[in-house]
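[1] Sequence first, predicted model second:
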Amino acid sequence: MKKIFLLTQLLLIITVNNLLAQDYFEGQIDFKIEYESLNENISAKYLEYAIGDSFTAYIQEDRYIMIYNSKTEQGWSKSTIRLDEGYSYTEYEKSDTIYRSKLNSSSDILIEIKKHPNQKKMILGEMCPSITLKYESTDPNTPFKITDGTHYYSPKYKLNSEKYKNFTSGFWNLFVNESESVSIRNEHIYTGFFKSISEATKIQEKKISDDLFTLNSDKILIDSE
C-alpha cells in the first residue's frame with residue numbers, strides 16, 4: 001500500500017511539472033524570399049544578389065540566428081540575436097569584422113500594431129493569423145524611413161515573450177507579446193524602395209547546438225552606434 005502511495009505521489013509530481021513547463025519552439029526553419037521593386041533604380045534581381053533569395057533560422061528559447069544566402073563578394077550574411085545578452089551580432093562570411101548592436105537602442109516611432117485573427121494565409125498546411133507592425137525610423141542614416149510589415153504566425157511554434165521584452169528594435173517585442181509565436185511569413189514594404197516576402201518552406205523541431213552561437217574569435221568585434 002505504501003509503495004502504491006509513493007508511486008501515485010511521484011506520478012502527480014511529474015504531471016504537475018509537465019503542466020507547468022512551457023513547450024517553446026526550438027529548431028530550424030528554412031525560408032524563401034521574393035522581392036518586388038518599388039523603385040526603378042532597384043531591381044528584384046539586385047535584391048536577390050545583395051540580400052539573398054533564402055535564409056535559414058536556428059531558434060532556441062533565448063536566442064536565434066538567421067543566415068542569408070547573399071551572393072556578393074562578402075558571401076553569406078549572418079544575424080545572431082542574443083536575447084540573453086541584449087545584443088545582436090551581424091557578420092559576413094568573408095569579412096573579418098562582427099558588428100554588435102543593442103537590442104533596445106532603437107528610437108523608432110511606432111505607427112501601428114494590430115492583430116488580425118481573421119486575416120489568414122495558408123502556410124505549410126496551416127491557416128495562420130497575422131499582425132500588422134508599422135513604424136518610422138528616426139535614424140538619419142537609414143534609407144528606409146517607413147517599414148510596413150504584416151507577419152503571419154502559427155501558435156504551434158511558441159515563443160517565450162518574457163525573453164523578448166527588451167527587444168525593442170523594430171518593436172519586435174510587441175509582435176512577440178501579441179503572437180507568442182514564431183513568424184513564418186513576413187511581408188515588408190519599405191516605402192519608396194521595395195517589398196519583400198519571406199515564407200517558411202520547411203520547419204523542423206529539433207535540438208539546436210549551443211556551439212552554433214559561438215562567435216568567431218578570429219574576427220574583430222566592433223560596437224555599432
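    Ah, there it is.

[2] and the longest strand anywhere in the chain, what other elements does it pack with?
    Ranked by number of residues, the top strand in the chain under DSSP state E is strand 109-123. For strand 109-123, the elements it packs on are strand 126-136, strand 146-158, helix 172-179, strand 181-190, judged by 3 or more Cβ pairs under 8 Å, 6 or more residues apart in numbering; DSSP states H and E. In this view, the C-beta of every residue, glycine as well, is placed from N, C-alpha and C.

[3] To L215, which of these lies closest?
    helix 172-179 (21.5 Å; Cβ to Cβ).

[4] okay, the helices and strands packed on strand 109-123 in CSV with distance to D211 next?
    Formatted as CSV, the helices and strands packed on strand 109-123 follow (distance: least, Cβ to Cβ, whole Å):
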stretch, distance to D211
strand 126-136, 31
strand 146-158, 23
helix 172-179, 25
strand 181-190, 22
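
[5] among the ones you listed, which is nearest K71?
    Nearest to K71, of all these, is strand 181-190, at 20.0 Å by Cβ to Cβ.

[6] looking at the helices and strands packed on strand 109-123, which is closest to Y49?
    The closest of these to Y49 is strand 181-190. By Cβ to Cβ, the value is 16.9 Å.

[7] can you give me the strands in the chain?
    27-37, 54-60, 63-68, 77-82, 87-92, 97-102, 109-123, 126-136, 146-158, 181-190, 194-205, 220-223.

[8] Kindly calculate the angle that the second one makes with strand 194-205.
    Compare the direction of strand 54-60 with that of strand 194-205 by axes from the mean of the first three to the mean of the last three Cα atoms, to 10 degrees and you get 50 degrees.

[9] any chance of the strands of the chain in CSV, plus distance to N166 and mean pLDDT?
    Output for the strands of the chain, formatted as CSV (distance: least, Cβ to Cβ, whole Å; pLDDT from 0 to 100):
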stretch, distance to N166, mean pLDDT
strand 27-37, 23, 98
strand 54-60, 17, 98
strand 63-68, 13, 98
strand 77-82, 11, 98
strand 87-92, 11, 97
strand 97-102, 9, 96
strand 109-123, 16, 95
strand 126-136, 17, 97
strand 146-158, 19, 97
strand 181-190, 18, 98
strand 194-205, 24, 98
strand 220-223, 17, 96
